[in-house]
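Chemist: Provided below for reference: sequence and predicted model.
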Amino acid sequence: DAKTTQPPSMDCAEGRAANLPCNHSTISGNEYVYWYRQIHSQGPQYIIHGLKNNETNEMASLIITEDRKSSTLILPHATLRDTAVYYCIVFNAGGTSYGKLTFGQGTILTVHP
Amino acid sequence: NAGVTQTPKFRVLKTGQSMTLLCAQDMNHEYMYWYRQDPGMGLRLIHYSVGEGTTAKGEVPDGYNVSRLKKQNFLLGLESAAPSQTSVYFCASNGGPTNTQYFGPGTRLTVL
């Protein structure tokens, strides 16, 4: 699976959009980009994933660049409860991956009042 | 629908003791996983299972054994606990390789 690079920490004001970048320059054509978050040592929580197209759900939006070498997770109106560690994971869904995820150290997002 | 549950939530062991961590899911998922998370680190995969009766090694399998006798349960065993196994253990499951992975609340294990 491709390696990802994320900033170690970011801050955001409550009510503003939080834009979390992820670099995955070695991503291959059949690898997905997944985002999970972990709130205060709880189990990680799935947020969103995509392959090529931008995606949106009730939690967030995922913007993937045309060359797929980077992506941005957008929380449109951050709240204090969005303070968490955010993990960007590149994942090969085919072959013998068997759903195995490789977690890096993620980005600590702190939302301020 | 409880999702993924883990038993126990906390445990303290002495070096050399053994224990079993239980993970249960009620979503009829085929795939189950055990991860460990050390302070300030991301999760690392210990073992996983792609169906009842099957198990496979992950990234850090040494010192652990697993069993998947029933589809809904995935057991993680420590035969002779070591201080290096002090960690938070997370179980997860999903219905297929591209499906969302659901995580349990974790088990905090301390080995003295």
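Modeler: That came in fine, so what should we check first?
Chemist: drop to CA atoms for contacts and neighbour counts, all remaining ones
Modeler: Will do.
Chemist: State the distance from the closest residue to B:N99 other than its chain neighbours to B:M41.
Modeler: In this structure, B:N99 finds its nearest non-sequential neighbour in A:G99, 7.8 Å apart by C-alpha to C-alpha, 6 or more residues apart in numbering or on different chains. Going from A:G99 to B:M41 by C-alpha to C-alpha, to the nearest Å gives 20 Å.
Chemist: again with A:I74
Modeler: Shown here: A:I74 relative to B:M41, a distance of 23 Å by C-alpha to C-alpha.
Chemist: what does chain B have sitting close to chain A?
Modeler: Residues of chain B lying close to chain A (C-alpha under 8 Å from any C-alpha of the partner chain) are B:31, B:40-45, B:50, B:90, B:94, B:96-106.
Chemist: out of those, which are buried?
Modeler: Neighbour counting over the residues of chain B next to chain A (16 or more other C-alpha atoms under 10 Å in any protein chain shown) leaves B:31, B:42-45, B:50, B:90, B:94, B:96-98, B:100-106 as the buried ones.
Chemist: For A:P44, which non-adjacent residue is spatially closest?
Modeler: Here the nearest residue to A:P44 in space, its sequence neighbours aside, is A:Q38; by C-alpha to C-alpha, 6+ apart that works out to 4.4 Å.
Chemist: Check whether B:E52 really touches B:F74, as I assumed.
Modeler: No - here B:E52 does not reach B:F74: they are 9.0 Å apart, not a contact under C-alpha atoms under 8 Å.
Chemist: between those two, who's got more neighbours?
Modeler: For B:E52 against B:F74, the residue with the higher neighbour count under other C-alpha atoms under 10 Å in any protein chain shown is B:F74, and the figures read 29 against 17.
Chemist: Please identify which helix or strand holds A:V90.
Modeler: strand A:84-92 (DSSP states H and E).
Chemist: Listing partners with orientation, what would you give for that strand?
Modeler: Sheet neighbours of strand A:84-92, with direction, are listed as strand A:31-38 (antiparallel), strand A:107-112 (antiparallel) (DSSP bridges).
Chemist: Flag every buried residue along that strand.
Modeler: Under the neighbour-count criterion of 16+ other C-alpha under 10 Å, strand A:84-92 has A:84-92 buried.
Chemist: ditto for stretch A:26-41
Modeler: For stretch A:26-41, the neighbour count (16+ other C-alpha under 10 Å) marks A:27, A:31-38 as buried.
Chemist: quick one: terminal-to-terminal distance for that stretch?
Modeler: End-to-end span of stretch A:26-41 (C-alpha to C-alpha): 30 Å.
Chemist: what residues does chain A put near chain B?
Modeler: Near chain B, when you scan chain A using C-alpha under 8 Å from any C-alpha, you find A:42-46, A:93-94, A:97-106.
Chemist: so where's chain A uncertain?
Modeler: With pLDDT under 70 as the threshold, chain A has low-confidence stretches at A:1-2, A:93-96.
Chemist: Phi and psi next, for the residue of it found nearest chain B.
Modeler: Per C-alpha to the nearest C-alpha, A:G99 is where chain A lies closest to chain B, at 3.9 Å. For A:G99, the backbone dihedrals are phi 70, psi 10 (criterion: degrees, to the nearest 10).
Chemist: And A:D82, by the same measure?
Modeler: Here A:D82 shows phi and psi, under degrees, to the nearest 10, equal to phi -80, psi 0.
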